[in-house]
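K.L.:
have a look; sequence and predicted model below, questions after that.
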Amino acid sequence: MINLMALQGIKVIDLSRILAGPLCAMMLGDSGASVIKVEQPGTGDPTRQWGPPFLGSESVYFLGINRNKRSIALDLDSEEGVNAVRRMVKDADVLVENFGNRKMNQFGLSFEQLRDINPHLIFASISGYGDSGPKANRPGYDVVAAAEGGLLSFTGEAGGGPVKIGVAMTDVCTGISLYGAIVSALFARERDPSRLGQKVCGSLLETQVATLMNIGMNYLNADILPQRHGSAHESIVPYQAFETKDHRYLVVGGATNAQFQRLCEAIGCSHLLQDSRFSINALRVRNREVLLSELKNVFASETLKYWKDKLESCNFPSGPVATLDEVFSDPQVLHRNMIEEIEHPTAGLVKVLGFAIKYSSTPCTVRLPPPLLGQHTREILLEHEFEEHEIREIISKHVIGS
């Protein structure tokens, strides 16, 4: 039995803001790393102001992606603030940033500059478009990357305009991808006798293009431009949400011929199995409108509960489009501990989302509440061998906040 957390002993400097970078750094902290979040004095991470809702003076948005971190407030536009970061980097394992190449060079905190201080550092960079190329210096935003990366071209109802996904999934996928890349880089460093670090780059655009999956492959290999199908699938029929009698929606997934047969038998439509237009998936896709028209009429004839019970009884892949009150009271969600709680110094009891991955020997934990802005500034400076007179001096220059 392993008693340590997976990343216990790893030190992370988090220079990132908004969502993708802070999410990545939080996941490192959840896995046991010690994470120091560097923020601008006075304002901090912009998501501190992204509300309502707020718990006390803290935005719920910020609280959701910054647990298991300590906060130091440093003005990176000052020489003293940058020098403080450089001193912290000396014994760090990972630095996460999303300022971009140009700004990090201006700070004097680029990968090349920090490698001279700490050759073992994993320098993890998130940007909108990557660290080279014609768009490298453009700012990155989730919905813009979703647009330029193609996602919005096929998301939405048939015949309608582009629809943004409710959660900033391009940001989220980028943060999760960078988390995995950092862990891989740490593992590679351990296998290297010289223990040299490296630069790891993730971008919103590249993540979005990489996650186009079958839609991207359809275009690359068959020149098929995707259409909008609402909740339906481009290549599988039926595989979508159907409205029921009480105006709720049930999602069904008939991904194989055998599943289509089970669905038809369960909902009293065995006659569809005798129709040659629906005998295999390729034909069901070709005759999508005819088949879906009949299925929509059938599902509209009974309530959500009726169809949910009917399909669950034969273990058919289906589920209601749940509202969040239903999600967070779902017995399976509760059983898998997808709600965690932690006491915050000013916000009180904060509920946060649980861990998607469960480890048998090195579980993730919520150990620290999301920090107040600059809450740990003096503590962190003292840990990095700042003398009291140095701290007083940089306080007088308004370099730090607490």
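P.N.:
It's in.
K.L.:
pull out the buried residues from the longest helix along the chain.
P.N.:
Of all the segments of type helix in the chain, defined by DSSP state H, the longest one is helix 169-191. By 16 or more other C-beta atoms under 10 Å, the buried positions in helix 169-191 come out as 169-179, 181-183, 185-186, 189. Where C-beta positions appear, they are placed from N, C-alpha and C, glycine not excepted.
K.L.:
average pLDDT for that helix?
P.N.:
Across helix 169-191, the average pLDDT comes to 98.
K.L.:
helix/strand/coil for residue 301?
P.N.:
Of the three states, residue 301 takes coil under DSSP: H, G, I helix; E, B strand; the rest coil.
K.L.:
from residue 296, how far out is the residue nearest to it when sequence neighbours are not counted?
P.N.:
Closest residue to residue 301 apart from its sequence neighbours, by C-beta to C-beta, 6 or more residues apart in numbering: residue 245 at 6.3 Å. According to C-beta to C-beta, to the nearest Å, residue 245 stands 12 Å off from residue 296.
K.L.:
next: residue 401.
P.N.:
Residue 401 sits 58 Å away from residue 296, going by C-beta to C-beta.
K.L.:
ditto for residue 76
P.N.:
For residue 76, the distance to residue 296 equals 56 Å [C-beta to C-beta].
K.L.:
now swap in residue 241 and tell me
P.N.:
Distance of residue 241 to residue 296, computed by C-beta to C-beta: 10 Å.
K.L.:
between these two, point out the one with more neighbours.
P.N.:
The neighbour comparison of residue 241 against residue 296 (other C-beta atoms under 10 Å) goes to residue 241, with 17 against 14.
K.L.:
buried ones in the helix or strand that contains the more buried one?
P.N.:
For residue 241, the host element (DSSP states H and E) is strand 239-243. Using 16+ other C-beta under 10 Å as the test for burial, strand 239-243 gives 239, 240, 241, 242.
K.L.:
next, the angle strand 239-243 makes with the next helix or strand along the chain from that strand.
P.N.:
The C-terminal neighbour of strand 239-243 among helices and strands, as given by DSSP H and E, is strand 249-253. Computed with axes from the mean of the first three to the mean of the last three C-alpha atoms, to 10 degrees, the direction of strand 249-253 lies at 160 degrees from that of strand 239-243.
K.L.:
for strand 249-253, which strands pair with it and how are they oriented?
P.N.:
Here strand 249-253 is paired, per DSSP bridges, with strand 239-243 (antiparallel), strand 318-320 (antiparallel).
K.L.:
buried stuff in that strand?
P.N.:
Within strand 249-253, the residues scored as buried using 16+ other C-beta under 10 Å are 249, 250, 251, 252, 253.
K.L.:
just stretch 308-324 next, same as before
P.N.:
Residues of stretch 308-324 classed as buried by neighbour count (16+ other C-beta under 10 Å): 308, 310, 311, 316, 318, 320.
K.L.:
same check on stretch 110-130?
P.N.:
110-111, 114-115, 118, 121-130.
K.L.:
wasn't residue 261 part of a helix?
P.N.:
Yes: Residue 261 forms part of a helix when assessed by three-state DSSP.
K.L.:
before we move on, back to that, now the buried residues of strand 239-243 in JSON lines, with pLDDT and distance to residue 17?
P.N.:
Shown next, in JSON lines, are the buried residues of strand 239-243 (pLDDT from 0 to 100; distance: C-beta to C-beta, whole Å):
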{"residue": "239", "pLDDT": "97", "distance to residue 17": "38"}
{"residue": "240", "pLDDT": "97", "distance to residue 17": "37"}
{"residue": "241", "pLDDT": "98", "distance to residue 17": "36"}
{"residue": "242", "pLDDT": "98", "distance to residue 17": "41"}
